[in-house]
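Asker: Fold the stuff below for me.
(chains A and B)
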Amino acid sequence: MIRHSLFIALLFAYASSYGQEEGESLLDLLGEEEEVTNYASASFKTTRIINSQSIENVAEGVLDFKISHRFGRVNGGLSEFFGLDQATIRLGLDYGITDRLMIGIGRSTVQKAIDGFAKYKLLRQSTGKKNMPVTLSLYSSIMVNAQPWANPERENYFSSRLFYTHQILLGRKFSNGTSLMLMPTVVHRNLVESTAIENTVYALGIGGRQKLTNRLALTFEYIYVLPDQIADIYTNSLSIGFDIETGGHVFQLHFTNSLGMMDKQYITETTGEWGKGDIHFGFNISRVFTLKDTRINPQE
Amino acid sequence: MKTIITVLLITVTTALSAQTKYFTRNGTVTFFSSAPMEDITAENYNATAVLDTETGAVEFSVLMKSFNFKKALMQEHFNENYVESDKFPKSTFKAKIVNMDEIDLSKDGSYPAQVEGEMTIHGVTQSISPEGTIVVKGENVKLESKFIVKPEDYDIEIPDVVREKIAKEIEVTVMADLEPLKR
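Answerer: You can find the predicted model right below:
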């Protein structure tokens, strides 16, 4: 009988030492891993789709120097070298205060304007422990028109130079290559050309990107201004472009019917019509500088 | 009497086998790329490792998204363009310490380890045999190893424009402090 139980015991010993079969993973012994929240990243290559903001932010401690150019209209013909004779520029600096809050300033040749903005990521698309289907950011900008007064003889107030834009940036990365955005927008102009047009303009933007390869993506954005708010000479902004990524740079090349690159300029003052060939070739170059090392070493 | 012996034997044998397994969830994996234009380092402090000292079997697993770079954009490019972390979230190393019988776990000390195994990165598996060190200290076992990984061996494409920034051979350092796995 003792022999019998010895046999059973040995059988157990055998079973426990050879329970680990070939091909089975030792890591399975640790059981289920703790679930982590997996945030969607790189929905867009940069913080802009083309003119519009994207749902991306620069990371904490990162300074992004943006150089944006828009040339003249391609229908200017050979004498204008298809628009390349003229150039308008916006130079900008964006900075990430935290991974979710970024600020930026810029200066443009159009209207000799200066702008400043803040963008905050309120919701982040994620799966895993926390589940969130969309990314939602709040965006506000202010622009100062620094041109000489159009009517210097009348009494002018500084506040008349100011323009405000507020947006909700709602986006989702549907797959590794496809991201789409909706942008409900309000632009407030303190001073407008006539009483017949609105000071406050409501618009809805849509935008997206489709990756073609890991380093090349197709982008588009369209800003629909709700009817009867702006003068008839203005149309909706439509832009189509490519994002090309090299090491530390992102080049955005695009065609757009908007000349201005600041919010109120492209949303409410686009004059070009795609159908007539009033298209501007343009590019944005983004160069980032990491000013702060935010890595955490748990062993220090 | 016989029941007691049975129970005793079962307890002893299971206790013995339980002590042969060691693990960690906080292993360190770092890599270093030295190229003419740029040196790049990245750290991962969440590597999982299990060692079975009875068979010498050892396994590592790291989440690629847990590698931290100094530059946020570099980290994004690493995940997006190079290792494609969405498609291949984990890298694993399934190996055997060939000279396990030369390592005396009951005695504190540092022992050289011959490792042979299969490394899977970016969905591609390669056989490698790095050398490592096993440091025994009391109840704990520390694994250390340094070896070279070539991105091209794992179908990680590096375009010519960044050729001057990313080395062809990446030095990987692994450090894992293992503790006994209690079941």
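Asker: Would you state the strands of chain B in chain order?
Answerer: Taking DSSP state E, the strands of chain B run over residues B:21-34, B:39-52, B:57-63, B:68-69, B:90-97, B:109-121, B:124-128, B:131-137, B:140-149, B:170-180.
Asker: Quick check: bridge partners of the residue nearest the centre of chain B?
Answerer: The centre of chain B sits closest to residue B:60, judged by CA atoms, centre = their mean, with a distance of 4.0 Å. Note on residue B:60: beta-bridge partners residue B:49, residue B:93, judged by DSSP bridges.
Asker: these two touch, right, it and residue B:172?
Answerer: No. If you go by CB atoms under 8 Å, residue B:60 and residue B:172 don't touch, sitting 10.7 Å apart. For the C-beta atoms, the positions are set from N, CA and C on the backbone; glycine is no exception.
Asker: Common neighbours of the two, please.
Answerer: Taking CB atoms under 8 Å, 6 or more residues apart in numbering or on different chains as the contact criterion, the residues that touch both residue B:60 and residue B:172 are residue B:29.
Asker: so how many other residues sit close to the residue nearest to residue A:122 when sequence neighbours are not counted?
Answerer: Taking CB to CB, 6 or more residues apart in numbering or on different chains as the measure, residue A:122 lies nearest to residue A:136, with 5.0 Å between them; neighbours along the chain are not counted. As a burial measure, residue A:136 scores 18 neighbours (other CB atoms under 10 Å in any protein chain shown).
Asker: How about residue B:62?
Answerer: Residue B:62 sits with 23 neighbouring residues when counted by other CB under 10 Å.
Asker: which residue packs closest to it, ignoring adjacent ones?
Answerer: Closest to residue B:62 by CB to CB, 6+ apart is residue B:47, at 4.6 Å.
Asker: Please determine how far that neighbour is located from residue B:175.
Answerer: Separation of residue B:47 from residue B:175 (CB to CB, to the nearest Å) stands at 9 Å.
Asker: Overlap in contacts, the two.
Answerer: Common contacts of residue B:47 and residue B:175 (CB under 8 Å, 6+ apart): B:27-29.
Asker: circling back: what's the distance between the residue nearest to residue A:122 and residue A:39?
Answerer: Look at residue A:136 and residue A:39: by CB to CB, they are 13 Å apart.
Asker: got it, and residue A:246?
Answerer: Looking at residue A:246 against residue A:39, where the rule is CB to CB, the gap reads 25 Å.
Asker: The two: which is more packed in?
Answerer: A side-by-side neighbour count of residue A:246 and residue A:39, using other CB under 10 Å, places residue A:39 first with 16 against 13.
Asker: so that one touches residue A:121, yeah?
Answerer: No. Contact between residue A:39 and residue A:121 fails when scored by CB under 8 Å: they sit 10.0 Å apart.
Asker: picking up where we left off before, isn't the residue nearest to residue B:62 right next to residue B:64, touching?
Answerer: No. Taking CB under 8 Å as the contact criterion, residue B:47 and residue B:64 are not neighbours in contact, 11.1 Å apart.
Asker: More neighbours: those two, which one.
Answerer: A side-by-side neighbour count of residue B:47 and residue B:64, using other CB under 10 Å, places residue B:47 first with 22 against 19.
Asker: so what's that one up against?
Answerer: Shown here is residue B:47, whose contacts under the criterion CB under 8 Å, 6+ apart are B:24, B:26-29, B:60-62, B:174, B:176.
Asker: Report the two members of those residues separated by the largest distance.
Answerer: By the measure CB to CB, the contacts of residue B:47 have their two most distant members at B:28 and B:61, which lie 13.6 Å apart.
Asker: What parts of the stretch 51-200 of chain A come near chain B?
Answerer: Selection of the stretch 51-200 of chain A residues close to chain B by CB under 8 Å from any CB of the partner chain yields A:58-60, A:62, A:176.
Asker: Now the buried members of those residues.
Answerer: If you count burial by 16 or more other CB atoms under 10 Å in any protein chain shown, the buried members of those come out as A:58-60, A:62.
Asker: Throw the residues of the stretch 51-200 of chain A next to chain B into a markdown table and include secondary structure, thanks.
Answerer: Listed next are these as a markdown table, based on DSSP: H, G, I helix; E, B strand; the rest coil:
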| residue | secondary structure |
| --- | --- |
| A:58 | coil |
| A:59 | coil |
| A:60 | coil |
| A:62 | strand |
| A:176 | coil |
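Asker: Let me know the pLDDT of residue A:155.
Answerer: Residue-level confidence at residue A:155 comes out at 89, pLDDT.
Asker: What's the local residue count around it?
Answerer: Residue A:155 is surrounded by 6 other residues when neighbours are defined as other CB under 10 Å.
Asker: quick one: low-confidence parts of chain B?
Answerer: The model of chain B has pLDDT under 70 over residues B:1-19, B:183.
Asker: Pull the contacting residues for whichever residue of the stretch 51-200 of chain A sits closest to chain B.
Answerer: Closest approach between the stretch 51-200 of chain A and chain B, counting by CB to the nearest CB: residue A:59, at 3.3 Å. Contacts here follow CB under 8 Å, 6+ apart; on that basis residue A:59 touches A:96, A:99, A:294, B:72-73.
Asker: Of these, which count as buried by neighbour count?
Answerer: When burial is judged by neighbour count using 16+ other CB under 10 Å, the buried members of the contacts of residue A:59 are A:96, A:99, A:294, B:72-73.
Asker: Turn the residues you listed into a markdown table, columns for distance to residue A:253.
Answerer: Formatted as a markdown table, the entries for the buried ones among the contacts of residue A:59 read as follows, by distance: CB to CB, whole Å:
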| residue | distance to residue A:253 |
| --- | --- |
| A:96 | 25 |
| A:99 | 28 |
| A:294 | 31 |
| B:72 | 24 |
| B:73 | 19 |
